[in-house]
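# output the structure for:
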Amino acid sequence: MAVLKQNEEFNADSIPEMVVGIASDMVLHDSGFHFHKTKSQLLYAPSGCMTVTTSDRQLVLPPFRMLWIPANEVHRVNFRNIVAYRSIYFDENYAGKYIGSGLKVLHVNPLLKEIIERICFWEWSALKNDQTHLLKVFWDEMQSAPEEKLELKMPRDRRFKKIVEDWTQRNSTPPMLKNLAEEVGVVEKTISRIFKKETELSYQDWRQQWRLQRSIELLVEGNSIGEVSHILDFSSDSAFIEFFKKHTGSTPLQYLMKNE
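Residues are numbered from 1 along each chain as shown. Below is the predicted model:
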């Protein structure tokens, strides 16, 4: 069995096979924080966009990015629209021969996309010769895949716990510093100090990076530039385009097209 239903239970650690692939089309999913004791995980969506939160950071996975999650790494997967969910679990000792430790966001080229798709629909059984050969190509491509760096460290101070959860769930958008101070009852200087200490960014810079991640999600989900500009409180469409180009080097449309 490789195709999972929306609410079907799945425990990768309970499956003895060295390589286990799963596939599912899901919507409005929240995995909750969890980890896998014996297996490393490759997480990818050929369509749609996922948000992954770890103990200290947030990452966005549009269709041209995948995430390598080592065994015992606490993580949480969220998405709000329909996502073609693909995940491959590798025995930790086996995977360790090919890829180093630590979280890695990697670029997905067309060959990797096709290989991942094939592995995710394999039966859960001992590997056949043709599967072993395909895995050799997979690891070659994995080892040469460019690493992406768009990640955002998250504040951990208890005073921000509720509002950070709202931001993670996309129920609200980080406001201007003055408005945040009023909302949580903490003076601006204290907020600035906490964010600098826990995220290595000023609150203003952190908010901009959050908006950039969210804009990528919204664009991948099919929202227009005007809709994204409105949702993220930009003064105009042109202001959003300029913001996006400053941070990525491309306009929103160019960014999506070059990564297709």
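
# measure the closest residue to Leu61 other than its chain neighbours to Gly96 for me?
Excluding the flanking residues, the one nearest Leu61 by CB to CB, 6 or more residues apart in numbering is Met50, at 4.4 Å. (Glycine included, C-beta is placed from N, CA and C.) Met50 sits 25 Å away from Gly96, going by CB to CB, to the nearest Å.

# which one's more surrounded, those two?
Met50 (26 against 14; other CB atoms under 10 Å).

# you'd agree the more buried one is up against Phe79?
Yes: at 4.9 Å, Met50 counts as touching Phe79 under the criterion of CB atoms under 8 Å.

# quick one on the thing from earlier: what sits against the residue nearest to Leu61?
Going by CB atoms under 8 Å, 6 or more residues apart in numbering, Met50 touches 43, 60-61, 77-79, 83, 85.

# what packs against the one helix or strand Glu117 maps to?
Following DSSP states H and E, one finds Glu117 within helix 110-120. In terms of contacts (3 or more CB pairs under 8 Å, 6 or more residues apart in numbering; DSSP states H and E), helix 110-120 is packed against strand 19-26, strand 39-44, strand 83-91, helix 129-144.

# how about these, which one is nearest Glu182?
strand 83-91 (35.3 Å; CB to CB).

# just want the angle from that closest one to strand 19-26.
160 degrees (axes from the mean of the first three to the mean of the last three CA atoms, to 10 degrees).

# give me the contacts around strand 83-91.
Outside strand 83-91, the residues that touch it by CB under 8 Å, 6+ apart are 12, 15, 18-27, 29, 36, 38-50, 116-117, 119-120.

# mind listing what it pairs with, with the direction of each?
According to DSSP bridges, strand 83-91 forms sheet pairs with strand 19-26 (antiparallel), strand 39-44 (antiparallel).

# just the ones you listed: most buried one?
By mean neighbour count, with neighbours taken as mean count of other CB atoms under 10 Å, strand 39-44 ranks first of the strands paired with strand 83-91 at a mean of 23.

# what's the angle from it to helix 129-144?
Orientation of strand 39-44 against helix 129-144 (the same axes, to 10 degrees) gives an angle of 80 degrees.
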